[in-house]
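build me a structure from this.
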Amino acid sequence: MSRDRHMPMPESSSRPSARGKFIVAAVFLVVIGAFYFFDLMAYLSLDMLKANRDKLLAFTEKHYAQAVLLFILLYIAQTAFSLPGATLLTLTGGFLFGTLLAALYVNIGATTGATLAFLAARYLFRDWVEHRVGDRLEAFQGGFARNAFLYLLTLRLIPIFPFFVVNLLSGLTRISVGTYVAATALGIIPGSLAYTFAGRQLGTIDSLAELASPRLLLAFTVLGLLFLMPVVYRKFVRPQP
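Residues are numbered from 1 along each chain as shown. Reported below is the predicted structural model:
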């Protein structure tokens, strides 16, 4: 009895099954395909938001808890399936809930959705990547794993790296789920606050492009690079023996 309890599990039980991968991939393809097939992008516009802001405010005031739950679920779905509309959703949150509360709700939704995308990418593709190019990526994997939190935090802060790309590529690394969640939750705070604050001035915004001012993007980039300074210091100024 005791020997049976300590017997190693079959290798197939510890590896993703082909059927499981097919189901996960099918869910993503169906949701993404439905989004574009039904042209749901038409509802994710600044003009549509402005046209319905009175209705949205009235619903939020009357059903606040339901509005918060629906907002978070929509944000999770948008992020998990890498759909467009994150900026507009963040603006909507700021308009409906205020800067600080909206930033909190955005953080919950975006972090949860990003984690689901991260886990899906890891489940579907990491074994294949490790098998195909694992030896060539060994140095990168080791370096990334040692400084994973700071690297990912920097990627979250610097706006030139698309959010969904970071989600998917992170799943191919050996970063732990806990580190990924912590760095993501912390890294999206500045952007969430900036855009939820902008949402309070919804009536004065004519285009989403107005929000991505060069000064704001430069500030995020500098902030992200600052977090890399400890890594640069350890690697070049005071290398480990």
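
can you list the buried residues in whichever helix in the chain runs longest?
In the chain, taking DSSP state H as the definition, the longest helix is helix 99-121. For helix 99-121, a neighbour-count test (16 or more other C-beta atoms under 10 Å) marks 99, 102-121 as buried. C-beta coordinates here come from the backbone N, C-alpha and C atoms, glycine included.

now stretch 19-31
21, 28.

wait, residue 191 touches residue 161, no?
No: at 12.0 Å, residue 191 does not count as touching residue 161 under the criterion of C-beta atoms under 8 Å.

compare neighbour counts for these two and give me the winner.
residue 191 (21 against 14; other C-beta atoms under 10 Å).

so for that one, what's the pLDDT?
With respect to pLDDT, residue 191 has a value of 88.

show me what the longest helix of the chain is packed against.
Contact analysis of helix 99-121 by 3 or more C-beta pairs under 8 Å, 6 or more residues apart in numbering; DSSP states H and E lists helix 64-80, helix 86-97, helix 163-170, helix 177-187, helix 189-199 as its packing neighbours.

format those as TSV; extra columns: distance to residue 56.
Listed next are the helices and strands packed on helix 99-121 as TSV, based on distance: least, C-beta to C-beta, whole Å:
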stretch	distance to residue 56
helix 64-80	8
helix 86-97	6
helix 163-170	24
helix 177-187	26
helix 189-199	11
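
please identify the deepest-packed of those helices.
Among the helices and strands packed on helix 99-121, judged by mean count of other C-beta atoms under 10 Å, the one packed with the most neighbours on average is helix 86-97 (a mean of 24).

which other residues reach it?
44-46, 49, 53, 56-57, 60, 67-68, 71, 74-75, 78-79, 102-103, 105-106, 110, 163, 191-192, 195-200, 202, 205, 208, 211 (C-beta atoms under 8 Å, 6 or more residues apart in numbering).

quick check: angle from it to helix 99-121?
Using axes from the mean of the first three to the mean of the last three C-alpha atoms, to 10 degrees, the inter-axis angle of helix 86-97 relative to helix 99-121 is 140 degrees.
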